[in-house]
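S.K.: Can you look at this prediction? I've put the sequence above it.
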Amino acid sequence: MAKPNGFILWEGSSKLDGKPIVVIATMNSANVKTGNMIQTWILRADINPVQAVNDGNDYSICGDCPHRRQADGSRSCYVNVGQAPNSVYKAYKAGKYPRYAYSEHGNVFKGRSIRFGAYGDPALMPMWLVKVLLTLSQSTHTGYTHQWRRFPEFAGIFMASCDNEKDRYSAHTLGYKSFSVVAVNSHAPNYARQCPATVHNSQSVCATCKLCDGSKRDIFVTAHGSGAKYVTA
């Protein structure tokens, strides 16, 4: 029997608005920046992610992230929800992902690095689930949350996604390291190191870098993806 390429990790209610959400792990990735990390996806369990973005129901899994779709139609989020998130959602609704059970599937996470929140805010995952995955993995991880003000308990585990100096200072007071997105062609901030995977000709990938595990230092990245033009700070 072929091994599943993904698992349902948890289904429940959003901490933000009580709407149904699901956490899914996919086991392989061809993302050249991250490397072959296990990816976790936080999605509305009842609404296609493209529709959720368009009608504002992505609040359940993204909260008040400033990179969500705005009233004028602009959206600075680098994730194209019509691609991977949509594919994961369709596979979920088609019943292609079993619910993960250690007794049945073994420790498929052992030695694998985990990207928390390939789409969706990872702070909306239950803390117990994050800790279980870290215990099973015993490897590196990444995670970025715009909901750090609401969920300070994830400091030291996830990076605080920050959009200005005030954000960074506030995040530090809560114990978070910051991950900042800066506009294309803007000056590099002197308070943070550039994401090594985005340095020209770098061979670094997130799967082995270890700088974005929430405990080491402030990092910045230049805005990228189709929404980069909307990032001006």
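M.R.: That came in fine, so what should we check first? Given the structure is predicted, the values throughout are model-derived calculations rather than measurements.
S.K.: Do you have the strands of this protein handy? List them.
M.R.: Applying DSSP state E to the chain gives strands spanning 6-13, 20-26, 38-44, 114-119, 141-145, 159-162, 178-182, 193-194, 219-222.
S.K.: Show me where this structure dips below the pLDDT cut-off.
M.R.: For the chain, the stretches flagged by pLDDT under 70 are 1, 184-189, 223-233.
S.K.: Let's check: the centremost residue of it is which one?
M.R.: Centroid-nearest residue in the chain, with Cα atoms, centre = their mean: Gly117, separated by 2.3 Å.
S.K.: what's the spacing between that one and Asn190?
M.R.: Distance, Gly117 to Asn190, by Cβ to Cβ, to the nearest Å: 28 Å. For every residue, glycine as well, the C-beta is placed using N, CA and C.
S.K.: same thing with Met127?
M.R.: Distance, Met127 to Asn190, by Cβ to Cβ: 34 Å.
S.K.: And the two? Which one has more around it.
M.R.: Neighbour tally, Met127 and Asn190, criterion other Cβ atoms under 10 Å: the higher count belongs to Met127, 12 against 5.
S.K.: what's the burial count for the nearest residue to that one once chain neighbours are set aside?
M.R.: Nearest residue to Met127 in three dimensions, chain neighbours excluded: Glu153, at 6.3 Å (Cβ to Cβ, 6 or more residues apart in numbering). Neighbour count of Glu153, defined by other Cβ under 10 Å: 13.
S.K.: for the strands of the chain, which one sits closest to His200?
M.R.: Comparing those against His200 with Cβ to Cβ, the closest turns out to be strand 193-194 (10.1 Å).
S.K.: Quick one: distance of the closest one to the chain centre.
M.R.: Distance of strand 193-194 from its chain centroid, counting by Cα atoms, centre = their mean, to the nearest Å, is 19 Å.
S.K.: Give the other helices and strands that that strand contacts.
M.R.: With contacts taken as 3 or more Cβ pairs under 8 Å, 6 or more residues apart in numbering; DSSP states H and E, strand 193-194 sits against strand 219-222.
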